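**Q** Give me the fold of what follows.
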Amino acid sequence: MGAAMFSLLTKSSSGRAGEASEIPEGDLPGWRQTGFQEFSRSAALGQVGEIYGRDMRGYSGFPDSSGRGTYSPDSVLSVDNGKLDYFLHTEDGVPRAASVIPFGYAGQEYGRYSVRFRYDSMPGYKIAFMLWPVNDRWNDGEIDWPEGGLDGPLYGGSAIKDSFDKDTMKFDPSDRTFSPAGPGDWHVATTEWTPGKVKWFFDGELTDQTTIPEGVPNTPMRWTLQAETSDRATSTYPDPATAGHLQIDWAVQYAYVP
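**A** Numbering: from 1, shown residues only. So this is what the prediction gives:
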């Protein structure tokens with residue numbers, strides 16, 4: 001285990017990263033901390049943008065990726081007891097979603113990103129905590145971790161830059177490796193993005209990594225914590241009765257310092 005991951009683990013009273021309730025503070029070997037959010041101020045529904053800024057409120061008023069849900073931060077996002085809460089539910093016949101940009105749209109080239117999170121089982125909803133090109137050109141790549149349905153385990157993937165063709169993007173690795181746990185408990189997910197390599201960690205353990213160095217994105221990207229309807233969403237999926245919570249305890253961002 002690398003020095004960076006060891007520093008995170010030592011924040012845990014039990015020694016298990018999934019229980020590392022304290023936010024890691026300060027730089028790590030090879031990484032300079034550039035973002036730090038522990039949600040210390042409470043915010044009711046509709047107040048997150050006012051208290052934390054418009055980027056924390058994120059996207060608003062347009063369809064999510066499947067086209068079945070709508071980004072509705074003021075009816076989804078709140079902060080209580082030091083946790084950012086996404087209340088995913090259907091309202092007026094429309095599934096409500098939210099997408100948070102915790103450290104703004106400016107982004108950075110390469111970095112390390114850690115988030116402590118948990119989620120209820122919510123069939124028909126998913127998350128995609130992603131690094132997205134600042135220039136909004138998908139052909140420059142995309143890095144996802146964790147991603148997947150909120151009724152099971154999660155996976156990581158990196159869109160191979162310059163592989164976009166006819167609305168299709170190739171990803172590395174081509175086969176998905178899933179997290180060892182799903183809904184319920186708290187976990188820490190970490191992405192390490194360096195020149196020619198992306199690594200994904202779950203509770204301090206390496207889960208997967210890229211295999212094609214020339215395919216790794218190398219332009220500035222912003223971190224987006226997106227919750228939305230499933231890629232398989234329909235007019236009846238998610239079921240309108242399905243509702244629950246995705247919670248984020250803390251999020252930290254580092255710049256790569258070779």
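**Q** Now do the buried residues in stretch 235-251.
**A** Across stretch 235-251, burial judged by 16 or more other CB atoms under 10 Å covers 237, 238, 242, 243, 244, 245, 246, 247, 248, 249, 250, 251. In short, each C-beta sits where N, CA and C put it, glycine included.
**Q** Give me the mean pLDDT for it.
**A** The predicted model gives stretch 235-251 an average pLDDT of 98.
**Q** do stretch 38-51 as well
**A** Regarding stretch 38-51, the rounded mean pLDDT is 97.
**Q** Endpoint to endpoint, it covers what distance?
**A** End-to-end distance for stretch 38-51: 13 Å, by CA to CA, to the nearest Å.
**Q** can you pull the buried residues of that stretch?
**A** By 16+ other CB under 10 Å, the buried positions in stretch 38-51 come out as 38, 39, 43, 47, 48, 49.
**Q** how much space is there between residue 96 and residue 68?
**A** 11 Å (CB to CB, to the nearest Å).
**Q** want to throw the buried residues of stretch 38-51 into TSV with distance to residue 117 and secondary structure?
**A** Shown next, in TSV, are these (distance: CB to CB, whole Å; DSSP: H, G, I helix; E, B strand; the rest coil):
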residue	distance to residue 117	secondary structure
38	13	coil
39	12	coil
43	18	strand
47	21	coil
48	16	helix
49	21	helix
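**Q** Distance to residue 128 for those - can I get that in CSV?
**A** What follows is the buried residues of stretch 38-51, written out as CSV (distance: CB to CB, whole Å):
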residue, distance to residue 128
38, 23
39, 20
43, 23
47, 25
48, 20
49, 21
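**Q** Name the nearest of those relative to residue 77.
**A** Closest approach between the buried residues of stretch 38-51 and residue 77, by CB to CB: residue 48, at 4.5 Å.
**Q** Is it correct that the closest one is in contact with residue 56?
**A** Yes - at 5.7 Å, residue 48 counts as touching residue 56 under the criterion of CB atoms under 8 Å.
**Q** Need the overlap of contacts for the two.
**A** residue 77 (CB atoms under 8 Å, 6 or more residues apart in numbering).
**Q** So residue 130 is in contact with residue 146, correct?
**A** No - taking contacts as CB under 8 Å, residue 130 lies outside contact range of residue 146: 9.8 Å.
**Q** I'd like to know which of the buried residues of stretch 38-51 is nearest to residue 124.
**A** residue 48 (23.6 Å).
**Q** Distance of that closest one relative to residue 66?
**A** For residue 48 relative to residue 66 (CB to CB), the value is 23 Å.
**Q** Kindly format the C-alpha coordinates of the longest strand anywhere in the chain as CSV.
**A** Longest strand in the chain, counting residues (DSSP state E): strand 244-256. Extracted C-alpha coordinates of strand 244-256, given in CSV (Å, rounded to 0.1, in the frame of the first residue of the first chain):
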residue,chain,number,x,y,z
GLY,A,244,-33.9,7.2,-0.3
HIS,A,245,-30.7,8.9,0.5
LEU,A,246,-27.1,9.2,-0.8
GLN,A,247,-24.9,10.9,1.8
ILE,A,248,-21.5,12.4,1.6
ASP,A,249,-19.5,12.9,4.8
TRP,A,250,-16.5,14.6,3.3
ALA,A,251,-14.7,15.2,0.0
VAL,A,252,-11.0,16.2,-0.6
GLN,A,253,-9.0,17.0,-3.7
TYR,A,254,-5.3,17.1,-4.3
ALA,A,255,-3.0,18.3,-7.1
TYR,A,256,-0.4,16.0,-8.5
